[in-house]
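J.: fold the following for me, if possible:
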Amino acid sequence: MKFVALVSGGKDSFFNVLHCLKQGHELVALANLHPADKSQQELDSYMFQTVGHDIVPLYSQCTGLPLFRKEIKPAGSINVDLNYRPTVNDEIEDLYQLLFEVHKKIPDIQAVSVGAILSSYQRTRVEDVCGRLGLIVLSYLWQRDQMDLMYEMCLMSSTEKDEDTSGKLDARLIKVAAIGLDHSSLGKTLPEVLPILKRLHRIYDVHICGEGGEFETIVLDAPFFLKGRLRLMSQDLARQKCNDGVYNTRLNVEFEERQLSSLDLQRHLNVLPSPNVFDAKWQEFLDRMKNSETNKLPVGESLLLGCPAYTCSVNRVGDLLFISNLYSNEGTLEEQTERIFEQLQSSLREYSMTPSRAVFCSLVLADMSFFVKVNEIYSRYFNIWKNGPLPPARTCVASSNMVRGCLVQLSAVLDVSCENEPYKNKSGLHVQSRSYWAPSNIGPYSQATWLQSDPNKVAFISGQIALEPASMQLADRNSTIQSILSLRHFDTLKNAIEAKNQLCTVCFVSKNDMVSELVRIWSLYCTGMTSDSDLWVNKENDISECLIILKVPDLPKGALCEWSGVTCRELVVNEDDIDEKFEEFFSKISLRDVKNITVSNANHTRHFMTGFADTEVCVLNVLKKIPKDFKMTLFFNPGDISPDLLALANIEFFPVEKVYDYKGNSKCLAYHIVM
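T.: Residues are numbered from 1 along each chain as shown. Predicted coordinates for the structure are as follows:
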């Protein structure tokens with residue numbers, strides 16, 4: 001893709017450009033925001049580095065590429081919410097105008113490079129602007145380990161030992177604001193200051209890449225400076241009576257013409273390290289699977305039957321409203337989808353709620369080829385610029401056993417904990433940038449959502465398939481690789497949001513013969529690796545019984561496997577009195593049939609139950625014993641149940657081809673219950 005690079009002059013924005021080039025993208029322009037008052041070096045901006053802005057115009061000469069610039073004014077950070085919405089006079093609207101102008105002048109630009117490492121504040125704002133302009137964000141430094149990044153930057157940098165420094169990265173410190181750094185650090189290159197930064201990181205936990213504002217840099221040379229570089233002539237230290245530990249300098253440079261070829265650039269890119277899809281931890285997991293024998297489990301044939309009709313279910317459990325089984329079996333695909341959202345909107349009106357309150361949706365299609373048309377209507381309904389920047393988390397699968405004539409089915413989970421509008425209780429992870437970290441969103445959904453008011457941080461995590469994050473291409477068709485890579489993405493998300501405790505898990509597969517392999521993978525993930533591997537020693541054990549494996553005919557992009565589920569940060573926040581009602585209930589039901597995970601805080605106790613049954617009578621017996629305030633998701637093949645079960649209330653009906661438990665045993669029914 002052709003891309004424009006947002007450059008501040010600092011090392012991160014330029015190093016990200018290198019990774020964009022490494023991934024095969026084509027740099028065609030640079031863009032920069034600078035103070036309206038050119039005599040100012042720093043603005044009170046939460047977003048943009050402006051120190052060294054006087055050097056930025058020279059980058060056009062160095063690269064031979066057009067540089068687009070726009071002024072920003074002091075105090076332009078008006079909307080400082082983490083999840084940004086367009087705000088009049090905010091400096092982010094200046095960024096929008098800048099990139100709008102770039103896109104207008106170079107209409108075939110498809111992407112924007114941004115050097116964010118840890119700042120969600122920066123990332124979400126660039127993503128908002130690019131989303132409005134239909135551009136992709138390339139953010140290959142996102143969530144990278146800072147020590148690894150600094151070593152890589154130093155590897156690509158020039159040193160005194162180099163006979164030829166042409167095209168090497170040359171980034172100099174121009175501002176420092178951390179204990180252990182002072183005026184003597186200014187003007188130094190990254191390799192020169194690395195020993196100091198390592199010591200400060202070890203003693204004071206200083207961010208080694210400066211993500212805590214410890215230092216700022218300016219780049220004088222880079223591998224893609226094909227036309228020339230900047231030669232440092234002198235530096236002027238700022239004189240301050242009281243610097244409060246902050247020192248800065250102004251570099252006096254001049255442009256030096258120099259010609260590098262595309263071969264020279266490629267030579268540098270060949271040296272540039274890029275993370276493997278599987279890091280050492282997950283590579284060990286993959287090797288363990290390759291070297292282990294998996295017991296093949298007997299697999300029965302999948303029955304393909306039309307499902308008898310069932311009705312919409314609307315019920316509340318605690319702070320959550322469950323609207324399930326929205327479908328129509330008359331009309332075209334578009335007509336059925338529109339009718340579903342009319343039904344959903346009607347239910348929301350009864351509760352005086354807006355679509356912004358949706359935290360999770362499950363979408364079932366009669367054929368995965370319907371995805372594009374359904375997603376177009378889905379996107380209009382969950383429009384992030386209308387409803388807010390966090391669409392619900394989502395799973396999407398195909399099913400051959402839906403109600404006869406039904407082409408699409410939707411179920412939704414919504415927050416009803418407060419009446420305030422605009423609604424602000426939902427939080428989430430909605431990463432739209434392409435990186436090495438995890439797949440970016442390929443639709444109108446968040447990777448994870450949770451409620452800010454929830455002390456336990458119960459989080460809904462979207463279905464994860466085996467996309468290679470950097471390219472967003474589906475991984476090798478090998479079932480082991482896809483199963484482990486998609487689980488790796490799921491694990492990455494729950495660790496990123498610090499919600500590591502598994503409450504319920506679903507793994508969808510498109511091949512029956514993958515089940516035995518998945519059982520082994522799940523066992524290793526829950527307990528096996530943590531007991532045998534030093535790389536996995538920090539992972540907490542998960543409860544294996546909370547997994548349900550489901551055979552479906554197709555998954556997004558033709559993936560072989562999709563992991564989704566619900567996790568939480570803390571199972572117990574404040575000890576409550578023992579819930580005698582549930583103690584009595586679970587004393588009557590064997591744990592062989594039902595696995596209960598309790599989540600509690602000072603206000604209430606919730607139960608997440610996973611169960612399997614060989615007959616529908618077993619499910620009916622469970623439903624007779626549990627309290628009325630519950631919601632069940634029932635996974636089944638229509639050939640294994642009677643229409644009487646489909647008449648029950650408070651149930652989301654999820655027709656599939658085959659159901660398996662966490663040991664790989666074929667079951668008639670499986671269910672998750674929330675109480």
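J.: ok so Val599 is a helix residue?
T.: No: counting by DSSP: H, G, I helix; E, B strand; the rest coil, Val599 is not part of a helix but strand.
J.: test my guess that it contacts Arg569.
T.: No: with contact defined as Cβ atoms under 8 Å, Val599 does not count as touching Arg569 (9.9 Å). The C-beta positions use only the backbone N, C-alpha and C, and glycine is treated the same way.
J.: excluding sequence neighbours, find me the nearest residue to Leu547.
T.: Distances taken as Cβ to Cβ, 6 or more residues apart in numbering put Tyr662 closest to Leu547, at 4.2 Å, once the chain neighbours are dropped.
J.: quick one: residues contacting that neighbour.
T.: Val519, Trp522, Ser544, Glu545, Cys546, Leu547, Ile548, Ile549 (Cβ atoms under 8 Å, 6 or more residues apart in numbering).
J.: run the last query once more with 6 Å
T.: Ser544, Glu545, Leu547 (Cβ atoms under 6 Å, 6 or more residues apart in numbering).
J.: then Ile548?
T.: So, once contact is read as Cβ under 6 Å, 6+ apart, Ile548 ends up touching Val506, Ala670.
J.: within the helices and strands, which one has it?
T.: For Ile548, the enclosing helix or strand under DSSP states H and E is strand 547-551.
J.: which neighbouring elements make contact with the helix or strand that that strand is followed by?
T.: Going down the chain from strand 547-551, the next helix or strand is strand 561-568, by DSSP H and E. In terms of contacts (3 or more Cβ pairs under 6 Å, 6 or more residues apart in numbering; DSSP states H and E), strand 561-568 is packed against strand 459-464, helix 479-496, strand 501-509.
J.: dump those to TSV, plus mean pLDDT, distance to Ser427 and mean neighbour count.
T.: What follows is those, written out as TSV (pLDDT from 0 to 100; distance: least, Cβ to Cβ, whole Å; neighbours: other Cβ atoms under 10 Å):
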stretch	mean pLDDT	distance to Ser427	mean neighbour count
strand 459-464	98	9	27
helix 479-496	96	13	22
strand 501-509	97	18	25
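J.: look up how far Ile549 lies from Cys20.
T.: 39 Å (Cβ to Cβ, to the nearest Å).
J.: quick one: contacts for the nearest residue to Val359 once chain neighbours are set aside?
T.: Leaving aside its sequence neighbours, Val359 sits nearest to Thr449 (Cβ to Cβ, 6+ apart; 4.5 Å). Thr449 is in contact with Val359, Ala393, Gly428, Phe460, counting by Cβ under 6 Å, 6+ apart.
J.: so where does Thr449 fall, helix or strand?
T.: strand 448-451.
J.: pLDDT on that strand, on average?
T.: Taken as a whole, strand 448-451 carries a mean pLDDT of 96.
J.: and it, what's buried?
T.: Judged by neighbour count using 16 or more other Cβ atoms under 10 Å, the buried positions of strand 448-451 are Ala448, Thr449, Trp450, Leu451.
J.: quick one: which of the contacts of Tyr662 is most hemmed in?
T.: Leu547 (27 neighbours; other Cβ atoms under 10 Å).
J.: hmm, that residue is touching Leu503, no?
T.: No: in this structure, Leu547 is not within contact of Leu503 by Cβ atoms under 6 Å, at 11.3 Å.
J.: from Gly405, how far out is Lys511?
T.: With Cβ to Cβ as the criterion, Lys511 and Gly405 are 27 Å apart.
J.: likewise for Pro627?
T.: Taken as Cβ to Cβ, the span from Pro627 to Gly405 is 35 Å.
J.: what's near enough to touch Asn325?
T.: Tyr310, Cys312, Ser313, Phe653.
J.: pick out whichever of Val599 and Arg569 has more residues nearby.
T.: Val599 (24 against 19).
J.: isn't that one right next to Arg606, touching?
T.: Yes: contact criterion Cβ under 6 Å: Val599 and Arg606 qualify, at 4.6 Å.
J.: still on that earlier bit, tell me which of the contacts of Asn325 is nearest to Val102?
T.: Cys312 (47.4 Å; Cβ to Cβ).
J.: skip the chain neighbours and tell me the closest residue to that closest one.
T.: Closest to Cys312 by Cβ to Cβ, 6+ apart is Asn325, at 5.1 Å.
J.: please, which helix or strand holds that neighbour?
T.: Counting by DSSP H and E, Asn325 is part of strand 320-327.
J.: circling back: more neighbours: which of Cys20 and Ile549?
T.: Ile549 (29 against 23).
J.: so how far is Cys668 from the closest residue to the more buried one other than its chain neighbours?
T.: Once flanking residues are discounted, Ile549 sits nearest to Tyr660: 4.0 Å by Cβ to Cβ, 6+ apart. Using Cβ to Cβ, Tyr660 is found at 11 Å from Cys668.
J.: the more surrounded of those two?
T.: Legend: neighbour count by other Cβ under 10 Å for Tyr660 and Cys668, higher for Tyr660 (26 against 17).
J.: for that one, phi and psi?
T.: phi -130, psi 150 (degrees, to the nearest 10).
J.: for it, give me its contacts.
T.: Per Cβ under 6 Å, 6+ apart, neighbours of Tyr660: Val515, Ile549, Ser666.
J.: still on that earlier bit, just the buried ones from the contacts of Thr449?
T.: Buried, going by 16+ other Cβ under 10 Å: Val359, Ala393, Gly428, Phe460, out of the contacts of Thr449.
J.: among these, which lie within strands?
T.: Judged by DSSP state E, strands contain the following of these: Val359, Ala393, Gly428, Phe460.
J.: surely the last one and Ala393 touch.
T.: Yes: in this structure, Phe460 is within contact of Ala393 by Cβ under 6 Å, at 4.3 Å.
J.: now the common contact residues for those two.
T.: By Cβ under 6 Å, 6+ apart, the residues touching both Phe460 and Ala393 are Phe360, Thr449.
J.: can you show me the helices along the stretch 501-650 of the chain?
T.: Ranges of helices in the stretch 501-650 of the chain, per DSSP state H, counting those that start in this stretch, are 515-523, 529-532, 580-588, 616-625.
J.: most tightly packed of those?
T.: helix 515-523 (a mean of 21; mean count of other Cβ atoms under 10 Å).
J.: show me how far it is from its chain's centre.
T.: 25 Å (Cα atoms, centre = their mean, to the nearest Å).
J.: again, but for stretch 515-526
T.: 24 Å.
J.: what do you get for stretch 65-80?
T.: 27 Å.
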